[in-house]
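1. next come a sequence and a model predicted from it.
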Amino acid sequence: MNSDRDLTPEEVRRHLQERMATEGALLAYETAIGICRDPKASATAKASALKALLFVGGYDGKPPPDRDKPVSEMTRPEIDAMITQLKRENAAAQTDVGLPDVFA
């Protein structure tokens, strides 16, 4: 990932959503298991922790954000943001394998 200063707010939001959906869900799961196995934790603490952690992990019953919105339904700023993100991802991938940037 590039420097945080180079990222647009949408890129930061998307990156955080992806991390919360993966790392956050795993942490919530591991923490919830730990709380449930803790004989000193009260039933109320266990239920509260489970609910809060699963909510943070994205398991609150709400549908996930639409990340696959068709281009035909995007606004111009959304399209520009997508192009910027794709250029950065492509540049990072090309640097990793030593290939030229196809967007240059």
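-> Structure's in. What do you need? Numbering: from 1, shown residues only.

2. same for the longest helix seen in the chain, what does it pack against?
-> Counting by DSSP state H, the longest helix found in the chain is helix 76-97. In terms of contacts (3 or more C-beta pairs under 8 Å, 6 or more residues apart in numbering; DSSP states H and E), helix 76-97 is packed against helix 9-19. In short, each C-beta sits where N, CA and C put it, glycine included.

3. can you name the next helix or strand after the helix it packs on?
-> Next helix or strand after helix 9-19 toward the C-terminus (DSSP states H and E): helix 25-37.

4. what's the angle from the longest helix of the chain to helix 9-19?
-> Counting by axes from the mean of the first three to the mean of the last three C-alpha atoms, to 10 degrees, helix 76-97 lies at 60 degrees to helix 9-19.

5. could you dump helix 76-97 to CSV, C-alpha only?
-> Below are the C-alpha coordinates for helix 76-97, written out as CSV (Å, rounded to 0.1, in the frame of the first residue of the first chain):
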residue,chain,number,x,y,z
ARG,A,76,-17.9,10.6,-12.6
PRO,A,77,-16.1,11.0,-9.2
GLU,A,78,-16.6,7.3,-8.5
ILE,A,79,-15.2,6.4,-11.9
ASP,A,80,-12.2,8.7,-11.4
ALA,A,81,-11.6,7.2,-8.0
MET,A,82,-11.8,3.7,-9.5
ILE,A,83,-9.3,4.6,-12.2
THR,A,84,-6.9,6.1,-9.7
GLN,A,85,-7.1,3.0,-7.5
LEU,A,86,-6.6,0.7,-10.5
LYS,A,87,-3.6,2.6,-11.6
ARG,A,88,-2.0,2.4,-8.2
GLU,A,89,-2.8,-1.3,-7.9
ASN,A,90,-1.3,-1.9,-11.3
ALA,A,91,1.8,0.1,-10.6
ALA,A,92,2.4,-1.8,-7.4
ALA,A,93,1.8,-5.2,-9.1
GLN,A,94,4.1,-4.2,-12.0
THR,A,95,6.8,-3.1,-9.6
ASP,A,96,6.6,-6.5,-7.8
VAL,A,97,7.3,-8.4,-11.0
